[in-house]
Every structure is written in structure tokens, then in C-alpha cells.
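Trainee: Have a look; sequence and predicted model below, questions after that.
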Amino acid sequence: MKAVIKVGGSRAAWWKNHMSDLLPEMDVFLADEDYDRDDIEYAIVWLPEPGWLKTFPNLRCIVSIGAGIDHVLRDPELPQDVPIIRTTGTDLSVRMREYVSLHVLRLHRRLPEVEAAQSVREWRQIVEPPAHARKIGIMGLGNLGADCARTLATIGFDVAGWARSEKSIDGVTCFSGDKSRAEFLRRSEILVCMLPLTPATEGILNAELFAELPEGAKVINVARGQHLVEADLLQALDSGQIGAATLDVFHQEPLPDDHPFWDHPDILVTPHIASLIDPVAGGERIADNLKRFIVGETVEDLVTPGKGY
Ligand code: GLV
């Protein structure tokens, strides 16, 4: 059995060695090594370039090194019959939960203003309503979204969630579908985008959506840069319709040097770190998923064909 790994950057050799240890029966190659393309049955990838996966005629399975699979699906020449396995795991949800709680609390307690006051030695006591009087909206109630919604509800926030299909989560008011979108947005003082990136959600964070939020609402995007229309955000911040934004994902990553988000006073930029896959735990999850796939056992992370995420 042979597998090829495509990951960028300095960690490639580490991935190869780690996956070879975890899958001793598999010959593992890096994308730019020498191998016969006909022999490759498994491809483990982050951001494969369009057209690359179709060069392996005997591919049995594609593994996304990520919870998202949009970076695989964006390939117009993607082989259509090859199953895709995403990579999830407890680490991923724990990290996302930490990040989302941290940044919701930061905005809720207006920490940027407290820090600004400190920088001018001002003793500024900001008294905010308690969590139960703060309405949080989570867009996207997949594994990660549902987990964050539950966590924020446990902290005491008044949490609602919105998803394409109906969901039910203890302690969370769930909205679904286009018809209840406006009602969900109207109540969201802090909106967290945790949607999968699909043609239906691309550009969803736009002027029209911002106008439906309460004035001064705050936005957190931990999903994909392509969910956000960047110019619309800048304008909504200018007009005060949006009070602040915390962004972990961008159209172009790394965020270009001259991008206006870098020094915008109401934007916090973090470099796609909300929930990075831990290479050790992620590798184990990938190996476990592949072993199950190979012997025909159920793979929880297997993507439902045609669902698009
Ligand atoms: C990272 O953004 C992922 O999809 O896991």
C-alpha cells in the first residue's frame, strides 16, 4: 500500500516520518518525491493544487488534513468517485472552544477598551451586563459550532444557533433555514461564524447580513476567509453598524503585509490559529481513520458524498 502526503512548509518531513511510524504497512511519500503515480492509493493533503489529485488513477481515498474539506472540493478536476475523510478529534474541538470562549468574553467584557485605558493610565471601570443578558449567535452548528454553543451556554450566555437543517442542542435556541435567519440575526449581539464553506455560504458575511444585526454588533470569524466580504466589513465598521471584529481566517493567508485589517483599531487579527490540527494527535486520527477505511469499518469522519462539507 502506498500513500502520498501533500503539506506545505517545513513540517513535511515530520509528517512523512510520523505517518510512516503510525502506518507501518504503508509506504509513505512526500508529493515531490519519486514514486509511480499508478501505485498511490491514499492521498493525505492540505491545500492540494487544482488538478493534482486527478493525476493518481488508482486513488482509493483522499484525507483532508483539516476539519474543512473546501480546500479539496475547490478543485474543478477533483476525481468525483473518491471518498474524502476529514480530520477531526477532541483536540480540535477543545482548541476551538477555548478560542471562541476567549474572544466572546473579550468582546463581551470590552477588554480592548480596558487595555486602551491602561495604556494611558486611566482607571476606567466598565460595567457590562452579565452573560445571561448578552445574546450570542453561532452560525453553523456542526461538531465545532454545537460544541462552542454548549460551552457558551454553560458560561451563562443567552446563546442561539443557526444552521441549514434543524438542530436541537440543550440550552441553545436553535434556528434553521433561510426563513428564520433574520430573526436569528436580529438578536445576535456577538455573531460567531462557524459555517462550512460552500457555494451557499461564500460571502455570507456581507453588508446585507451586517445590516440585520443589532447596531454595534461584534463579529468573530473562525470559519473561512471566503465567508467574509472584506470591503463590506470595513464599511460596516466605519459606519458603526459593526462595533468590532475578530478574524482568524482570511481570503489570502498569510494576510498580505499591506492589508488594511492589520492596523484597523476595531479588528483583531489572529493567524489561523483558532484550532490548528495538532500534528501528533491529528496524525493519530488520520492513521486510525485510514486503518478503519482499509478494513471497511465505519469511519466517522467520512464525508457524506454530495453534501459539499
Ligand atoms: C482548519 O481550518 C481546518 O479545516 O481544520
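Mentor: Everything's here; your move.
Trainee: what's the spacing between the helix or strand containing F175 and its chain's center?
Mentor: Using DSSP states H and E, F175 sits in strand 173-176. Using Cα atoms, centre = their mean, to the nearest Å, the distance from the centre of strand 173-176 to the centre of the chain it belongs to is 20 Å.
Trainee: E25 - how many residues pack around it?
Mentor: 7 (other Cβ atoms under 10 Å). (Each C-beta comes from the backbone N, C-alpha and C, glycine too.)
Trainee: Please work out how many residues are found near the closest residue to it other than its chain neighbours.
Mentor: Distances taken as Cβ to Cβ, 6 or more residues apart in numbering put M1 closest to E25, at 6.2 Å, once the chain neighbours are dropped. Applying other Cβ under 10 Å, we find 14 residues neighbouring M1.
Trainee: re earlier: packing partners of the strand holding F175?
Mentor: Counting contacts by 3 or more Cβ pairs under 8 Å, 6 or more residues apart in numbering; DSSP states H and E, the secondary-structure elements packed against strand 173-176 are strand 158-163, helix 181-186.
Trainee: Now do the last one: everything it contacts.
Mentor: Contacts with helix 181-186, where a contact means Cβ atoms under 8 Å, 6 or more residues apart in numbering, come from 137, 139, 160, 162, 175, 191, 209, 212-214.
Trainee: per-residue pLDDT, F210?
Mentor: At F210 the predicted local confidence, pLDDT, stands at 98.
Trainee: Please report how far the closest residue to it other than its chain neighbours lies from the ligand.
Mentor: Leaving aside its sequence neighbours, F210 sits nearest to A236 (Cβ to Cβ, 6+ apart; 4.2 Å). As judged by Cβ to the nearest ligand atom, to the nearest Å, A236 and the ligand stand 24 Å apart.
Trainee: For whichever strand or helix holds A236, C-alpha coordinates in CSV please.
Mentor: If you go by DSSP H and E, A236 is part of helix 230-239. Output of helix 230-239 as CSV, limited to C-alpha atoms (Å, rounded to 0.1, in the frame of the first residue of the first chain):
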residue,chain,number,x,y,z
GLU,A,230,-13.9,42.2,3.4
ALA,A,231,-14.8,45.6,1.9
ASP,A,232,-18.3,45.3,3.5
LEU,A,233,-16.8,44.7,6.9
LEU,A,234,-14.6,47.8,6.6
GLN,A,235,-17.6,49.9,5.7
ALA,A,236,-19.8,48.5,8.4
LEU,A,237,-17.1,49.2,11.0
ASP,A,238,-16.8,52.8,9.6
SER,A,239,-20.5,53.4,9.9
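Trainee: Start at 21, not 1
Mentor: Sure, I'll start numbering at 21, so the last one becomes helix 250-259.
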